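Student: following is a predicted model, sequence given first.
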Number of protein chains: 2
Amino acid sequence: MKYLHTMVRVADVDESLDFYCNKLGLKEVRRMDSEQGRFTLVYLAAPGDEDAQLELTYNWDPEVYDGGRNFGHLAYEVDDIYETCDRLMKAGVTINRPPRDGWMAFIRSPDNISIELLQKGDRLPKQEPWASMENTGTW
Amino acid sequence: MKYLHTMVRVADVDESLDFYCNKLGLKEVRRMDSEQGRFTLVYLAAPGDEDAQLELTYNWDPEVYDGGRNFGHLAYEVDDIYETCDRLMKAGVTINRPPRDGWMAFIRSPDNISIELLQKGDRLPKQEPWASMENTGTW
């Protein structure tokens, strides 16, 4: 038995790829269009960690995507949480839970999927502007 | 960057471990209780694939967990999809989407998280009772 992927639905492929790839740093590993099913599947993974995938499902006929409390979040380990959050913030992503502790941050995808970022190895020394940055919204 | 886990919230730890471990076949790799935060975290993984984890969050103060359409499912590869579904069915789990094609099945967790099971390698030859088994509900 082996973990393959977590699937999330997205309302806009371009906006989602901009978020998950250009901003968060995942890369596209596979894509499939189904004319018959009227959907597109895009598989993403962290570079070098291609076995654990995120599947984006885009249904060509639009739906409203509500966020359910049974689903929590996706979590990724990053090499430098300050650098990652700085890059995301400069790209226009809200850091809902800034890495005040040098260890943990939360952001949200365009479809409101909560994403946890965790520092690899030991937590980093506290550092401004992060240490005194307030939370924004929920995650 | 590396995938760590997908987190889902659960309303009952015992019921969830019975489902995810005894029935689905994951195993517990780590557990943490927080008296201060009043929550329990249980980390599960497929045996031999411990890096890609499922995190169960149990909040000691109960909440109602609705299912949101932005989250899709978790997917696991299995060695023999008929054997897996037979085992699950005998354990009382509804096979919402039976593996009619020898390749794909869907079940749901006690908290309504949709779980996809995919046959490892090539699809298996069609086989009864699966080939003519109807869908049940949605997934």
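Tutor: Right, received. Where do you want to start?
Student: my read is that A:Arg108 contacts A:Thr94, right?
Tutor: Yes - shown here, A:Arg108 and A:Thr94 form a contact pair, counting by CB atoms under 8 Å, at 7.2 Å. Every C-beta, even on glycine, is put in place using the N, C-alpha and C of the backbone.
Student: show me chain A divided up by domain.
Tutor: A:1-60, A:73-139 (automatic domain parsing).
Student: what's the pLDDT at the residue nearest to A:Asn135 when sequence neighbours are not counted?
Tutor: Spatial nearest neighbour of A:Asn135, excluding adjacent residues (CB to CB, 6 or more residues apart in numbering or on different chains): A:Arg97 at 5.6 Å. The model reports A:Arg97 with a pLDDT of 97.
Student: could you do the one 10 residues further on as well?
Tutor: Confidence per residue is given as pLDDT, and for A:Ile107 that number is 92.
Student: now do A:Val10 against chain B, distance only.
Tutor: 8 Å (CB to the nearest CB, to the nearest Å).
Student: quickly note the distance from A:Ala52 to chain B.
Tutor: Using CB to the nearest CB, one gets 4 Å for the distance from A:Ala52 to chain B.
Student: wait, a helix at A:Pro99?
Tutor: No - read with DSSP: H, G, I helix; E, B strand; the rest coil, A:Pro99 is coil and lies in no helix.
Student: these two touch, right, A:Asn135 and A:Asn96?
Tutor: Yes - counting by CB under 8 Å, A:Asn135 touches A:Asn96, with 6.5 Å between them.
Student: and stretch A:41-55, which residues are buried?
Tutor: Neighbour-count burial for stretch A:41-55, with 16 or more other CB atoms under 10 Å in any protein chain shown as criterion, is recorded at A:Leu41, A:Val42, A:Tyr43, A:Leu44, A:Ala45, A:Ala46, A:Asp49, A:Ala52, A:Gln53, A:Leu54, A:Glu55.
Student: could you look up the SS state of the fourth one?
Tutor: Reducing the assignment at A:Leu44 to three states with three-state DSSP gives strand.
Student: residues contacting it?
Tutor: By CB atoms under 8 Å, 6 or more residues apart in numbering or on different chains, the contact list for A:Leu44 reads A:Tyr20, A:Cys21, A:Leu26, A:Lys27, A:Glu28, A:Val29, A:Gln53, A:Leu54, A:Glu55, A:Leu56.
Student: so what's A:Met89 up against?
Tutor: Going by CB under 8 Å, 6+ apart, A:Met89 touches A:Ile95.
Student: looks to me like it is in a strand.
Tutor: No - counting by three-state DSSP, A:Met89 falls outside a strand, being helix.
Student: so how far is B:Met32 from the closest residue to chain B within chain A?
Tutor: Sorted by distance to chain B under CB to the nearest CB, the residues of chain A start with A:Gly68, at 2.6 Å. Applying CB to CB, to the nearest Å, the value for A:Gly68 to B:Met32 is 24 Å.
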